[in-house]
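>>> quick one, what's the 3D model for this:
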Amino acid sequence: MSNVRSVPEELSVGRGDPAYMAHAYLTKVPVPAIVPFIEAYSKPGDVVLDPFAGSGMTGVAASMVGRSAKLFDISVLGQHIGRNYANLVNSSDFRKHAHEVVAASKEALGDLYSVKCSRCSSSATLAKSVWSFVVECRGCTTPVNYYRSLEKANWSKPAMACPHCGDPVSSRNRRVGEERVLDYVVCDCSAVQIEQDPYEPSATSLEGINFPQVEITPDRQMYKASALGKSGMTTVDSFYSARNLAVLTELHSKISAVDDQKIRSKLLFAFTACLTRASKRYQWSKARPLNAANANYYVASVFYEWNVYDLFTRKLAAVLKSDDWVRAARRVAVDPEVADSPDVAYEISSADRIPLAPESVDYVFTDPPFGSNLFYADMALFQEAWLDGFSDVSQEAVVDRKGTKGERTADRYERLLTAALSECRRVLRPNGKISMVFGNSAGEVWELVQRSIRTAGLRIIPENLVVLNKGQRSVKGLASGFEDVATLDLIITMEAADPEQQALPLRHVDADTVSRKIRELAAADPATPSHLYLELLRAGISEGWHLGEIDLRVVTTALVEDGWTIDSKSGRLRRGSAEEVEVLF
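Residues are numbered from 1 along each chain as shown. Reported below is the predicted structural model:
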């Protein structure tokens, strides 16, 4: 393969393809973002490697364009998801078994979502309930229903007050209970209707129900970050209503009893895809549901309890849609007789010890964890509680948050990344390429990556650096300087360095040089702060700069000094008065 650019300078992709929608996972790279790289740097029949495989998107992409894939990760959840993306099942058999497990679950428990319609008094089905925290008033210590207080304040949080003493009420008040405030009911007599005075069914007993009892321990990074000690929600089961926990446990039991291994595994795939939405983490808002934050264990003051059978039925359809999408692409790329059998292997292994022979893969595409941005193993507990094992958190390539006593330091992360890249170089065939997705807002992290690449005996191909835009996530806070606010990633393509050619030393650049480059880039294309930040990094890599001096904060400071602001609707940079647009700070 040549070094001539064969992918665009910026790749913009959505996050709505069938595979992406079938199962959630932290920071998935959409398949349409991976395919152009696999097609550019490999040929049909080649072997593609991903040593930080996560949910297995590289495997999906490789299989869709006629390559085989070798996937490795320490994540038990990732392996479960990645293997099932490649587990293309017979749709008729899948639907038949799905219907049977749902029917068997309802027979064992009774229909726990059966309610009485307020209009016709006949039996109806609960689609979802809205629950509210009950908080303690700081003034008179009386319990206050958060939702009712917000409703009385005409949905203005600053105006919320205790109905008894008038003291201000907020989500920071101590939580003392939960109450259902709304039911969404489906009945033959009408469309979905909202019951303002929810019918109170008999309480669900969990006696004799063998639900998973998995603790989220204080040593986990997300224990403190999500304030689990304060909320008391320190076990996976505590995030579910008794009703949903009972239904999930019974569904899981019936799925586990399915004889056909492929069907059983695929049903479990649909099941784990429902778990977050079926929990209290699915937050309510007046305007629209806000879904659940996958990166933390946050439970909002007002949240949903969704009908698990509805969630499961929807995911069953999404799973089959993903299968059809992959299968259709494979029928074009490979012999139709093998279209149902992608050659994708996914094993549990750390990226610094890839169990493959030297020079055995043709191309590497990978998306490693971005320092201390996210803690995959902590969040995977939510699904792994229902699986057969847990990720080894001690092997995770992350950096523990500042202020914690974690042993996973930046130095350790650099060693792991260096070793992983060295392993990629070892197993790569001559002239093969390695593409790595990376995103961060801190120059010191980018310099760490820069050192790892060099130490691993690789060189970046400057002309093949690609900005990956998966869709703007947030306009507000782009200039806050925290490492997780950059909304774009950079895809770095590398090759083995010539051992006989000594790499040029990196050079430090002064603030004036950096500022001039920022202004030059801003004048050429006033996009977003994140765009300019990655363009600055790309320029720094091409010109051999030490990247440690280049933080997102450096970019935003220079932009503010030059009078740039952010359009509050588009998130793009523009010149204008503070009255017209939302300023950076």
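>>> next one, pLDDT for Glu200 please.
Confidence per residue is given as pLDDT, and for Glu200 that number is 68.
>>> check contacts around Val89.
Lys262, Ile263, Lys266, Asp323 (Cβ atoms under 8 Å, 6 or more residues apart in numbering). All C-beta spots, glycine's among them, are computed from the backbone N, C-alpha and C.
>>> quick check on it: phi, psi?
Backbone torsions for Val89, taken as degrees, to the nearest 10, come to phi -110, psi 160.
>>> what's the separation between it and Lys266?
As defined by Cβ to Cβ, to the nearest Å, Val89 lies at a distance of 5 Å from Lys266.
>>> between the contacts of Val89, which sits nearest Met21?
If you rank the contacts of Val89 by distance to Met21 using Cβ to Cβ, Asp323 comes first, at 12.5 Å.
>>> quick one, grab the pLDDT at that closest one.
Looking at Asp323, its pLDDT reads 98.
>>> mind checking the SS state of it?
Per DSSP: H, G, I helix; E, B strand; the rest coil, the secondary structure class of Asp323 is helix.
>>> residue contacts, the residue lying closest to it once chain neighbours are set aside?
Leaving aside its sequence neighbours, Asp323 sits nearest to Leu88 (Cβ to Cβ, 6 or more residues apart in numbering; 4.9 Å). Under the criterion of Cβ under 8 Å, 6+ apart, the contact partners of Leu88 comprise Asp323, Val326, Arg327, Asp340, Ser341, Pro342.
>>> can you list the residues you listed in CSV and add neighbour count and secondary structure?
Written out in CSV, the entries for the contacts of Leu88 read as follows (neighbours: other Cβ atoms under 10 Å; DSSP: H, G, I helix; E, B strand; the rest coil):
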residue, neighbour count, secondary structure
Asp323, 24, helix
Val326, 24, helix
Arg327, 17, helix
Asp340, 15, coil
Ser341, 13, coil
Pro342, 24, coil
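>>> ok, which pair from these is furthest apart?
Greatest spatial distance in the contacts of Leu88: Asp323 and Ser341, 12.3 Å, computed using Cβ to Cβ.
>>> just checking, Phe375 touches Lys224?
No - with contact taken as Cβ atoms under 8 Å, Phe375 and Lys224 are classed as non-touching, separated by 10.9 Å.
>>> before we move on, back to that, checking the residue nearest to Asp323 next. Helix, strand or coil?
Relying on three-state DSSP, one would call Leu88 coil.
>>> show the pLDDT at it.
On the pLDDT scale, Leu88 is placed at 98.
>>> count of residues packed around Asp343?
Summarising burial for Asp343: neighbours were counted as other Cβ atoms under 10 Å, giving 17.
>>> next one: the residue found closest to it once you drop the neighbours it is linked to in the chain from Val361, what distance?
By the measure of Cβ to Cβ, 6+ apart, the closest residue to Asp343 outside its immediate chain neighbours is Ser68, 3.7 Å from it. Applying Cβ to Cβ, the value for Ser68 to Val361 is 10 Å.
>>> who touches both of these two?
Among the neighbours of Ser68, those also in contact with Val361 (Cβ under 8 Å, 6+ apart) are Val47, Val48.
>>> which one of the two has more residues nearby?
Comparing Ser68 with Val361 by other Cβ under 10 Å, the one with more neighbours is Val361, at 26 against 17.
>>> output the contacting helices and strands for the lowest-mean-pLDDT helix or strand in the chain.
Scoring the helices and strands of the chain by mean pLDDT, DSSP states H and E places strand 190-195 at the bottom, with a mean of 76. If contacts are counted by 3 or more Cβ pairs under 8 Å, 6 or more residues apart in numbering; DSSP states H and E, strand 190-195 sits against strand 175-187.
>>> would you mark the buried spots in stretch 313-324?
For stretch 313-324, a neighbour-count test (16 or more other Cβ atoms under 10 Å) marks Thr313, Lys315, Leu316, Ala318, Val319, Leu320, Ser322, Asp323 as buried.
>>> ditto for stretch 454-472
Buried residues in stretch 454-472 (16+ other Cβ under 10 Å): 454, 456-458, 460-461, 464-470.
>>> what do you get for stretch 409-428?
Of the residues in stretch 409-428, those buried by neighbour count under the rule 16+ other Cβ under 10 Å are 413-414, 416-428.
>>> quick one: contacts of stretch 284-304?
Applying Cβ under 8 Å, 6+ apart, the set of residues contacting stretch 284-304 from outside is 24-26, 128-133, 135, 146-147, 150, 155, 171, 181, 216, 222, 225-226, 228, 231, 233, 239, 276-277, 279-283, 374, 379, 382.
>>> I'd guessed Pro32 sits against Asp17; true?
Yes - Pro32 sits in contact with Asp17 when judged by Cβ under 8 Å, with a separation of 6.1 Å.
>>> among the contacts of stretch 284-304, which ones are buried?
24-26, 128-133, 135, 146-147, 150, 181, 216, 222, 225-226, 228, 233, 239, 276-277, 279-283, 374, 379, 382.
>>> how about low-confidence regions in the stretch 451-585 of the chain?
In the predicted model, the stretch 451-585 of the chain carries pLDDT under 70 at residues 472-485, 526, 568-569, 576-585.
>>> all the helices of it, in order from the start?
If you assign secondary structure with DSSP state H, counting those that start in this stretch, the helices in the stretch 451-585 of the chain sit at 511-524, 529-542, 552-561.
>>> run the angle between the second one and helix 511-524 for me.
Read it as helix 529-542. Here the directions of helix 529-542 and helix 511-524 differ by 120 degrees (axes from the mean of the first three to the mean of the last three Cα atoms, to 10 degrees).
>>> which elements pack onto helix 529-542?
Helices and strands touching helix 529-542, as assessed by 3+ Cβ pairs under 8 Å, 6+ apart, comprise strand 466-469, strand 489-496, helix 511-524, helix 552-561.
>>> measure how buried the nearest residue to Thr276 once chain neighbours are set aside is and give me the count.
Closest residue to Thr276 apart from its sequence neighbours, by Cβ to Cβ, 6+ apart: Ala292 at 4.6 Å. The burial metric for Ala292, expressed as a neighbour count using other Cβ under 10 Å, is 25.
>>> check Ser170 too.
By the other Cβ under 10 Å criterion, the neighbourhood of Ser170 contains 14 residues.
>>> just checking, it touches Ala161?
No - under the criterion of Cβ under 8 Å, Ser170 makes no contact with Ala161, lying 10.2 Å away.
>>> give me the pLDDT for Thr409.
Thr409 carries a pLDDT score of 87 in this model.
>>> change the start of the numbering to 33 and stick with it
Let's use 33 as the start, then, which means that last one is Thr441.
>>> assign a three-state SS to the residue lying closest to it once chain neighbours are set aside, would you?
Beyond its immediate neighbours in the sequence, the residue positioned closest to Thr441 (Cβ to Cβ, 6+ apart) is Val431, lying 6.6 Å away. Secondary structure of Val431, reduced to three states by three-state DSSP: coil.
>>> in this structure Val431 contacts Asp443, no?
No - distance between Val431 and Asp443: 9.4 Å, which falls outside the contact criterion (Cβ under 8 Å).
>>> doesn't Glu479 make contact with Gly580?
Yes - using Cβ under 8 Å, Gly580 is in contact with Glu479, at 3.8 Å.
>>> for Ser222, state which of the buried residues of stretch 486-504 is nearest.
Each of the buried residues of stretch 486-504 was scored against Ser222 by Cβ to Cβ, and Lys502 proved nearest at 40.0 Å.
>>> for that closest one, give me its contacts.
Listed by Cβ under 8 Å, 6+ apart, the contact partners of Lys502 are Val45, Gly46, Arg47, Val61, Pro62, Ala65, Asp521.
>>> got the phi/psi numbers for the first one?
Dihedral angles phi and psi of Val45 (degrees, to the nearest 10) take the values phi -130, psi 150.
>>> what about it, how many residues close to it?
A count of neighbours around Val45, defined by other Cβ under 10 Å, yields 19.
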